[in-house]
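> have a look; sequence and predicted model below, questions after that.
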Amino acid sequence: MNDLKKLAKEQKGSRIWLIVSSSGLALSVIAQAYLIVKIVDLVFLQQALFEKIIPLAVWLAIALLARVGFTYFNGWIGVKMATTMKRKFREKLFEKFSSNPLQASIAGQSGHKVSVTMDSVDELDSYFSKYAPQVIQSTIVPLSILIVVAIQHFPSAVIMMVTAPFIPLFYAIIGIMTKKKSEEQMDKMAIFSGHFLDTLQGLTTLKLFGRSNQKKESIEQSSLDFRDATMEVLKVAFVSSLMLELISMLSIGIIALEIGLQLVVFENITFVPAFFILVLAPEFYLALKDLGSAFHTGRGSMGAANKVNEELQQDIQPVNWGNKPLHHLTEPPHIMLDHVGYQYEEDEFELHPVTAEIPAYKQIAIVGKTGAGKTTLLHLLAGLLPPTSGELKVNDASLNEYQEEEWLGQISYISQHPYIFSGTLAENIALGSKKDVTRNEIEEAGQQAGISGFVNGLAQGYDTIVGEGGRGLSGGEKQRVALARAFLKKPSFIIFDEPTTGLDLFTEQILQQSIQTLSKQATMVTVAHRLHTIRQADEIWVMEQGTIVAKGTHEELLQTTSVYQDMVDVQKRSVTL
Ligand SMILES: Nc1ncnc2c1ncn2[C@@H]1O[C@H](COP(=O)(O)OP(=O)(O)OP(=O)(O)O)[C@@H](O)[C@H]1O
């Protein structure tokens, strides 16, 4: 809880308000008790007239209202603090995920990330909205009551001082017991969410392999585990409330007994202070009990805080960016790879240092067997991965010196599986431009990307809802939407991962033509699988097992590189087959 405590302490403004409001609450509690006692004394013992009681009754009403007001205000500050902290945590998580989106997306299950960002951060709420304000309230209110009681009748204050520590002691013990349980509960929830999302996303694959029943059972099991963990936490919570109630009732009983003896047997105290202490005693223990239950909820937050911290501390190498602008370019950027290398993790795939030049307007084709490292190289060129060695230079300055937005504003990366967001086709295409675009511009981009024929065949046209919850799109259609985005963006550097799987000839032609049009104003690097694309390139890089083994034009490579010759032979054979 220490991290959370530190964070709560950082909220200085809110803490000052909490102290002021809790002091007000303490005053109103004491005033309320005193006024009740006074009224009872006047009515029953002194048989006072109604007029004498009215002002006290009015003050009592004011004290009651003040008590309600201060309690509400404390709660309101707590909620405000919780909102601020939750926002901060979510911002940190999003910052972390977006500092290297590629690495973040492959590290861990998406469902787990969703669960941490939504549920675990929500779980922090109770610490800031309940526990932190309650600590202040439960320090000021009982302390003020204790002082008043000590002034009125010291022995009662001594009983309070002796019995009060049992309550925090008890909830400290419970806290230690629940910490592990609530962490387990959070773990189980994250596993359950991860499992559920994973299964939903892979439902088709599971069905095809006849594994849906097995998955159903494992989801059921993780849901039951989560239920059991929750029940364990609740069990401790119920037992702890019972015990806290018992301790405070016993303590009030002892005070009542002592007061009763002093009042009736020893006659050491008069009615007003005796009754005043009796009314105040439950208030004293109530404040401590409230702290107990707030502590329990706060403990739950601790498990969640650990989950969030674990996620935040996961080692993700961020892509570093600088402040240099890039928008003033008159021609596409000139890119230099100076011993640029990358390794995912120790003992995993390594892209060996690449030294190469990509002059403006040039078209580079990267070829190689599957797993050779082509996509990894594209990711480095796009600035989506930070090189683990060497430097990527753009117009003679390191890519790290440029502003992220400026660089990303220059490029279009058309991957094999572009992401289609839930929304209309028009909205998905408009994503390509940061400016507001007109429907005409969207349709023109669609036309250039060769998607207009397909769109015109849809009843809703560009207003058709696609992506999650909408109409599905084929691989070729998705790539054409991505191309339309690129036509809107007018990038100066295009990175294109050519589809490996069979597009029909017509779609392929459209894609080729569109790409050619787009590349007239840009530098382009393509992971190429088709001979046609490869031949057209100004330079071809041949990759094998993470190394560029040869560079040159189609003709040059045919003469010099056997791997390339074999690859071309395979391509030709597959076309003639
Ligand atoms: N996140 C990752 N962590 C570890 N290894 C990875 C990761 N992503 C890819 N790899 C590995 O890096 C190697 C190169 O992958 P990459 O996707 O760059 O190859 P590729 O040449 O583009 O393959 P393909 O033509 O099949 O798309 C592969 O062996 C792959 O398993």
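Structure's in. What do you need?

> tell me the buried residues in stretch 338-355?
Using 16 or more other C-beta atoms under 10 Å as the test for burial, stretch 338-355 gives D338, V340, G341, Y342, Q343, E350, L351, H352, P353, V354. All C-beta atoms are positioned from the backbone trio N, CA, C, and that covers glycine.

> if I pick the last one, what's in contact with it?
V354 makes contacts with L337, H339, V340, G341, L377, G390, I548, as judged by C-beta atoms under 8 Å, 6 or more residues apart in numbering.

> could you measure from the fourth one over to the ligand?
G341 sits at a distance of 13 Å from the ligand (criterion: C-beta to the nearest ligand atom, to the nearest Å).

> nearest residue to V340 other than its sequence neighbours?
G390 (4.0 Å; C-beta to C-beta, 6 or more residues apart in numbering).

> what helix or strand is S412 located in?
For S412, the host element (DSSP states H and E) is strand 411-414.

> which helix or strand lies directly C-terminal to that strand?
By DSSP H and E, the next helix or strand past strand 411-414 is strand 423-424.

> where exactly do the strands run in the chain?
For the chain, applying DSSP state E gives strands covering 335-343, 350-358, 363-368, 389-394, 397-398, 411-414, 423-424, 465-466, 493-497, 523-527, 539-544, 547-552.

> quick one: buried residues of the fourth one?
The neighbour-count criterion (16+ other C-beta under 10 Å) identifies G390, L392, K393, V394 as the buried residues of strand 389-394.

> tabulate the residues you listed (a markdown table), appending distance to the ligand.
Output for the buried residues of strand 389-394, formatted as a markdown table (distance: C-beta to the nearest ligand atom, whole Å):
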| residue | distance to the ligand |
| --- | --- |
| G390 | 17 |
| L392 | 16 |
| K393 | 22 |
| V394 | 21 |
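
> mind saving the C-alpha coords of stretch 38-47 as CSV?
Taking Å, rounded to 0.1, in the frame of the first residue of the first chain, the C-alpha atoms of stretch 38-47 are listed here in CSV:
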residue,chain,number,x,y,z
LYS,A,38,-28.7,19.0,26.9
ILE,A,39,-32.1,18.6,25.4
VAL,A,40,-32.7,15.3,27.3
ASP,A,41,-31.5,17.0,30.5
LEU,A,42,-33.8,20.0,30.0
VAL,A,43,-36.8,18.0,29.1
PHE,A,44,-36.6,15.1,31.6
LEU,A,45,-34.5,16.3,34.5
GLN,A,46,-35.1,20.0,34.6
GLN,A,47,-38.7,19.9,33.1
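
> how is this structure carved up into domains?
Domain ranges of the chain: 2-313, 335-576, per automatic domain parsing.

> which of the ones you listed sits closest to L329?
domain 335-576 (6.1 Å; C-beta to C-beta).

> mean confidence score for the closest one?
Per-residue pLDDT over domain 335-576 has a mean of 86.

> what's the offset of that domain from the middle of its chain?
30 Å (C-alpha atoms, centre = their mean, to the nearest Å).

> now the residue nearest the centre of the chain: how far from the ligand?
Closest to where the C-alpha atoms of the chain average out (C-alpha atoms, centre = their mean) is T117, at 2.9 Å. Look at T117 and the ligand: by C-beta to the nearest ligand atom, they are 21 Å apart.

> surely that residue and E95 touch.
No - in this structure, T117 is not within contact of E95 by C-beta atoms under 8 Å, at 11.7 Å.

> check contacts around A287.
Here A287 is in contact with Q137, S138, V141, P142, I145 (C-beta under 8 Å, 6+ apart).

> try it again at 7 Å.
With contacts defined as C-beta atoms under 7 Å, 6 or more residues apart in numbering, the neighbours of A287 are Q137, S138, V141, P142.

> now the helices for the stretch 201-350 of the chain?
For the stretch 201-350 of the chain, the helices defined by DSSP state H, counting those that start in this stretch occupy 203-208, 212-260, 271-313.

> including distance to E443, could the ones you listed go into JSON lines?
Converted to JSON lines, the helices of the stretch 201-350 of the chain look like this (distance: least, C-beta to C-beta, whole Å):
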{"stretch": "helix 203-208", "distance to E443": "33"}
{"stretch": "helix 212-260", "distance to E443": "42"}
{"stretch": "helix 271-313", "distance to E443": "42"}
